[in-house]
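In: Next input, structure requested:
(chains A, B, C and D)
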Protein chains: 2
Amino acid sequence: MLQEDRFVRIQSLLASIDRLSTDRLIQDMQVSRETVRQDLLALESMGLVRRVHGGVARVTQDEPPFVQRQALRVAEKRAIAKAAVKRLQPGQMVFIDAGTTTAILAEELSLISRLVVVTNSITVALKLAGTQAPAGTANRMRVVLLGGDTNPEIPCTYGEVTLNEIRRYRADVTLLSPVGISAQDGVTFGNEHEASLASAMAEQSSSMLVLADYSKIGLRSRYAVACPPAQQTLITNAHPANTEALAALGAQGVAVLPV
Amino acid sequence: MLQEDRFVRIQSLLASIDRLSTDRLIQDMQVSRETVRQDLLALESMGLVRRVHGGVARVTQDEPPFVQRQALRVAEKRAIAKAAVKRLQPGQMVFIDAGTTTAILAEELSLISRLVVVTNSITVALKLAGTQAPAGTANRMRVVLLGGDTNPEIPCTYGEVTLNEIRRYRADVTLLSPVGISAQDGVTFGNEHEASLASAMAEQSSSMLVLADYSKIGLRSRYAVACPPAQQTLITNAHPANTEALAALGAQGVAVLPV
DNA sequence: GCCGTTACTGCAAAATAGCGCAGGCCGCGC
DNA sequence: GCGCGGCCTGCGCTATTTTGCAGTAACGGC
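Out: The predicted structure follows:
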């Protein structure tokens, strides 16, 4: 790998992920710590990045528009996303839906190699496409964006077309970030499109990881996802108020994995 | 292999791969390290490439490849886009490919009502989704993003999946912004994905509008689009140097519409 | 707030990879 | 056969990367 390549890579990673750990870069580019350090030193002296303890940060103050909503509880969401990534194996095929937590998930996902990601989220597709290894690399990820209608509010695809496309894949895992999860209604979304997409994904995969921070536990929204609780693993962060709701979910067969 | 051949080869490789290692070139052309070195030295002195440690990089002024490329000739492209929009009727279904001119086209397109837009360009889909009338409005546009693989460089979908999806639609018009259009090879693109997508779109629609500013007239790139000239309308801006090339295209049955 | 642990940094020597020169070989045209 | 341009080989040199070590900053328990 040329030094030039590394420069480009670091910058392109930074374009979609605001901060990178040194370790992450070492993993990603398979070079020594010191080499990364030299690169960062060089890039910093060019004013292209800003070095911070443990890694490097983007040198910019402006904020893209869509990012704002996910500014809530980012730390929790990232922790949940990291835990979810740990449950994945190289070579698996995964469905990912369009949510704020899954957008963060996308940033954590590039450490798993040879993954096939099938998603209806444009955000997820762009982030993964931006961070994935260069063409020809052995552990390159494949990112499939599902076709379908698009929508003014959320960068995703949906509708009959999307549902049909989902049926063409059979994945190992479905990763969802729903509006709520409760013992009564299971996994629920705020609109029927998202719910039916999630149902279709669940149907076409053998297990489901539900990414939900504590604020979503026990919440019931309008449209439910059809999926047997026994296939579901809930990844969430602990909060005293949720003990009861989590126990109820556990009693139904949902595996609960606290972060 | 002639030195001249190697020069051409190195440059054409660089056109699609930003950086090349010396080893890669040695492998590719089956010559010694020193020969490659001499070639690179020569090319560098001509200002055609930039040498870096371990290889060679494309010489370029600046560029995050996609965003800035569309900064070129924006005024012409916008004029061409406006002219293209005039040829569309309310209620039609149109295919749009992923190019810089079509990205501008997307901004002009919201004037036509009840359009169904089918595209593989994420940029186009997002722009249209962003500008379209609110849900429930009578003349609301429908935007369908084609599914498929996604790619680190250009925000679009491509591949077998995308080709198959195109075949599910039968559109009135295909709008393309190719790399070049010439009497010899017709409409051409720089990579085979784009070309086969364009061919599939052309096959599934009754007419084609080719959006090409004057710099593209007479240009021949590597991968040609299969489409009878009689179905093509070329929308371009006039430039004295092109008179001949335009006449040749006209003689083949391509309708030429100057802006 | 103090202290021990862990993790990150920075330097410098050693190892490795790439560079450039000089000289020689080969095929071609005369 | 001879000269010439183009290409390859060997060797010393330089740049880059890794490795090992010591110092320093962050973190967590008490």
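
In: Now do the same contact list for the closest residue to A:Ala226 other than its chain neighbours.
Out: Leaving aside its sequence neighbours, A:Ala226 sits nearest to A:Ser199 (CB to CB, 6 or more residues apart in numbering or on different chains; 4.6 Å). C-betas here are computed from N, CA, C, even on glycine. Counting by CB atoms under 8 Å, 6 or more residues apart in numbering or on different chains, A:Ser199 touches A:225-227.

In: For the strand or helix carrying A:Ser199, list every residue counted as buried.
Out: Using DSSP states H and E, A:Ser199 maps to helix A:192-203. For helix A:192-203, burial by neighbour count (16 or more other CB atoms under 10 Å in any protein chain shown) applies to A:193-202.

In: what's the following helix or strand after that helix?
Out: Defined by DSSP H and E, the subsequent element after helix A:192-203 is strand A:205-211.

In: shouldn't A:Ala81 be in contact with A:Leu105?
Out: Yes - using CB atoms under 8 Å, A:Ala81 is in contact with A:Leu105, at 4.1 Å.

In: OK, now which residue of the stretch 151-259 of chain A is nearest to DNA strand C?
Out: At 17.8 Å from DNA strand C, A:Val259 is the closest residue in the stretch 151-259 of chain A, using CB to the nearest atom of the strand.

In: number of nearby residues for that residue?
Out: When counting by other CB atoms under 10 Å in any protein chain shown, one arrives at 17 neighbours for A:Val259.

In: go on, A:Ile217?
Out: A count of nearby residues for A:Ile217, using other CB under 10 Å, gives 25.

In: what's across from it in the sheet?
Out: With DSSP bridges as the criterion, A:Ile217 is bridged to A:Ile181.

In: distance of it from A:Ala98?
Out: Using CB to CB, to the nearest Å, A:Ile217 is found at 21 Å from A:Ala98.

In: do A:Asp5 as well
Out: Distance from A:Asp5 to A:Ala98, by CB to CB: 32 Å.

In: Quick one: end-to-end length of stretch A:26-40, please.
Out: Chord length of stretch A:26-40, first to last residue, is 12 Å (CA to CA, to the nearest Å).

In: can you tell me how far the residue in the stretch 1-150 of chain A that DNA strand C sits nearest to sits from A:Thr22?
Out: Nearest residue of the stretch 1-150 of chain A to DNA strand C, counting by CB to the nearest atom of the strand: A:Gly54, 4.0 Å away. To A:Thr22, A:Gly54 is 6 Å away according to CB to CB.

In: Have a look at the two and say which one is more surrounded.
Out: Neighbours were counted for A:Gly54 and for A:Thr22 using other CB under 10 Å; A:Thr22 has more, 17 against 11.

In: The more buried one: what's it in contact with?
Out: A:33, A:36-37, A:40, A:54-56.

In: can you check A:Thr162 too?
Out: The contact partners of A:Thr162, taken as CB under 8 Å, 6+ apart, are A:120, A:146-149, A:197, B:147.

In: So A:Asp5 and A:Ala98 - more neighbours on which side?
Out: Counted by other CB under 10 Å, A:Asp5 and A:Ala98 do not tie: A:Ala98 has more neighbours, with 26 against 18.

In: Any part of stretch A:249-259 near DNA strand D?
Out: No - judged by CB under 7 Å from any atom of the strand, stretch A:249-259 makes no contact with DNA strand D; its nearest approach is 13.9 Å.

In: quick one: buried residues of that stretch?
Out: Along stretch A:249-259, these residues count as buried under the neighbour rule (16+ other CB under 10 Å): A:249, A:254-257, A:259.

In: between the residues you listed, which is closest to DNA strand D?
Out: Among the buried residues of stretch A:249-259, and counting by CB to the nearest atom of the strand, the member closest to DNA strand D is A:Val259, at 13.9 Å.

In: so that closest one touches A:Ala79, yeah?
Out: Yes - between A:Val259 and A:Ala79 there is a contact at 4.8 Å, judged by CB under 8 Å.

In: and for the two, which residues touch both?
Out: Contacts common to A:Val259 and A:Ala79, judged by CB under 8 Å, 6+ apart, are A:Asn237.

In: Run through the strands of the stretch 51-200 of chain A in chain order.
Out: Using DSSP state E, counting those that start in this stretch, the strands of the stretch 51-200 of chain A run over A:55-58, A:93-96, A:116-119, A:142-145, A:148-150, A:157-158, A:171-176, A:180-182, A:186-189.

In: For the ones you listed, please prepare JSON lines with the additional fields mean neighbour count, mean pLDDT and distance to A:Leu48.
Out: Shown next, in JSON lines, are these (neighbours: other CB atoms under 10 Å in any protein chain shown; pLDDT from 0 to 100; distance: least, CB to CB, whole Å):
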{"stretch": "strand A:55-58", "mean neighbour count": "18", "mean pLDDT": "91", "distance to A:Leu48": "9"}
{"stretch": "strand A:93-96", "mean neighbour count": "24", "mean pLDDT": "97", "distance to A:Leu48": "31"}
{"stretch": "strand A:116-119", "mean neighbour count": "24", "mean pLDDT": "96", "distance to A:Leu48": "29"}
{"stretch": "strand A:142-145", "mean neighbour count": "24", "mean pLDDT": "94", "distance to A:Leu48": "26"}
{"stretch": "strand A:148-150", "mean neighbour count": "24", "mean pLDDT": "94", "distance to A:Leu48": "33"}
{"stretch": "strand A:157-158", "mean neighbour count": "26", "mean pLDDT": "95", "distance to A:Leu48": "34"}
{"stretch": "strand A:171-176", "mean neighbour count": "24", "mean pLDDT": "97", "distance to A:Leu48": "33"}
{"stretch": "strand A:180-182", "mean neighbour count": "22", "mean pLDDT": "93", "distance to A:Leu48": "42"}
{"stretch": "strand A:186-189", "mean neighbour count": "24", "mean pLDDT": "95", "distance to A:Leu48": "41"}
